[in-house]
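K.L.:
3D, please:
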Amino acid sequence: MLELFFAPGACSFVPHVALERIHQSTGVDFTPMLIKLHRSENHTPEFLALNPEGQVPVLRESGDVITQIVAICEHLDRSAPSLQLLPSQGLARSRALSSLVWINNTVHPTFTHFFMPAKFTDDPAAQAAIRQFNAVKYRKHLESIQAQLPASGSWGRPGLEGVGFLDAYALTLWRWGGFTGIAPESLPAYRLFVDRIALDPAVAAVVERERITLHTYKAPA
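P.N.:
Residues are numbered from 1 along each chain as shown. Below you'll find the model as predicted:
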């Protein structure tokens, strides 16, 4: 029995898409377990027993728990090797893993500093400075991602069908970019990639289940 503890629009979107793709391709079921971060459900005793860090995603399989998105992705890739959610071998796999880890340990934390500066200081002036600094830094990261995105097919999985982990993470980072004030037209190739990936049946199913919008940018009044 597979259970994914997720929060709408969070990085848990990545394994959520993978599990949906596995389900659509192989028939293996999973249970999506909604965690409402705005209600602090990630800090309940029940959830902290699963992950003392209070973070999503969490994958529970027949009672065994896996935390941390890279570990979850690697586990799901090995559980459904025919889908090649990551390239199966060689330099292509190493490069895809490198990109996945970079996203998780560099790009993602940059957004966290922008979105939740109170995690790093209780000084309001310092929080404002953190937000401003990391908004600029985050845009540079998305520009770097845009330069790596293919005009067709999957990111990091040349010649393979369906979406992989990098595709789903790229879409997640794009959504977050709107919150930092990045206008979609300023990264046109990235927007085209996201709009194309959103048509994938697994992605579309998860977007609907999580009730999220892809384009979060709101122009200044």
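K.L.:
helix or strand next in line after the lengthiest helix in the chain, which one?
P.N.:
For the chain, the helix with the greatest residue count under DSSP state H is helix 124-148. Later in the chain than helix 124-148, the nearest helix or strand by DSSP states H and E is helix 165-179.
K.L.:
now the helix or strand following that next one: buried residues?
P.N.:
Downstream of helix 165-179, the next assigned helix or strand under DSSP H and E is helix 188-197. Residues 190-191, 193-194, 196-197 are the ones in helix 188-197 that count as buried (16 or more other Cβ atoms under 10 Å). Quick note: C-beta positions are derived from backbone N, CA and C, even for glycine.
K.L.:
returning to what we had before: residues in contact with the longest helix of the chain: which ones?
P.N.:
Contacts to helix 124-148, defined as Cβ atoms under 8 Å, 6 or more residues apart in numbering, come from residues 99, 103, 106-107, 110-111, 113-114, 117-118, 120-121, 155, 170, 173-174, 176-177, 180-182, 187, 189-190, 193.
K.L.:
restricted to buried residues, select the residues you listed in ChimeraX.
P.N.:
In ChimeraX, this line selects whichever of the contacts of helix 124-148 come out buried by 16+ other Cβ under 10 Å:
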select :99,103,107,110,111,113,114,117,155,170,173,174,176,177,180,181,182,187,190,193
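K.L.:
residue 47 belongs to a strand?
P.N.:
No: under the criterion used here (DSSP: H, G, I helix; E, B strand; the rest coil), residue 47 is helix, not part of a strand.
K.L.:
burial of it, as a residue count?
P.N.:
Counted by other Cβ atoms under 10 Å, the residues lying close to residue 47 total 19.
K.L.:
ok, it touching residue 35?
P.N.:
Yes: using Cβ atoms under 8 Å, residue 47 is in contact with residue 35, at 6.6 Å.
K.L.:
what touches both of those two?
P.N.:
Joint contacts of residue 47 and residue 35 (Cβ under 8 Å, 6+ apart) are 5, 41.
K.L.:
thinking again about what came up before, which one of the buried residues of helix 188-197 sits closest to residue 71?
P.N.:
The nearest member of these to residue 71, counting by Cβ to Cβ, is residue 197 at 23.5 Å.
K.L.:
quick one, what contacts the closest one?
P.N.:
Residues near residue 197 by Cβ under 8 Å, 6+ apart: 163, 167-168, 170-171, 203.
K.L.:
among those residues, which two are most distant?
P.N.:
Spatial extent of the contacts of residue 197 (Cβ to Cβ) is set by the pair 170 and 203 at 11.0 Å.
K.L.:
could you chop the chain up by domain?
P.N.:
The record's domain parsing of the chain by automatic domain parsing lists 2-83, 90-200.
K.L.:
now do the contacts for residue 32.
P.N.:
3-4, 6, 16, 19, 209.
K.L.:
at 10 Å what do you get?
P.N.:
Contacts for residue 32 (Cβ atoms under 10 Å, 6 or more residues apart in numbering) come out as 2-6, 12, 16, 19-20, 206, 209-210.
K.L.:
do the same with residue 190
P.N.:
So residue 190 contacts 142-143, 145-147, 149, 170-171, 173-174, 177, 182, 184 (Cβ under 10 Å, 6+ apart).
K.L.:
so residue 97 touches residue 165, yeah?
P.N.:
Yes: between residue 97 and residue 165 there is a contact under Cβ atoms under 10 Å: 9.4 Å.
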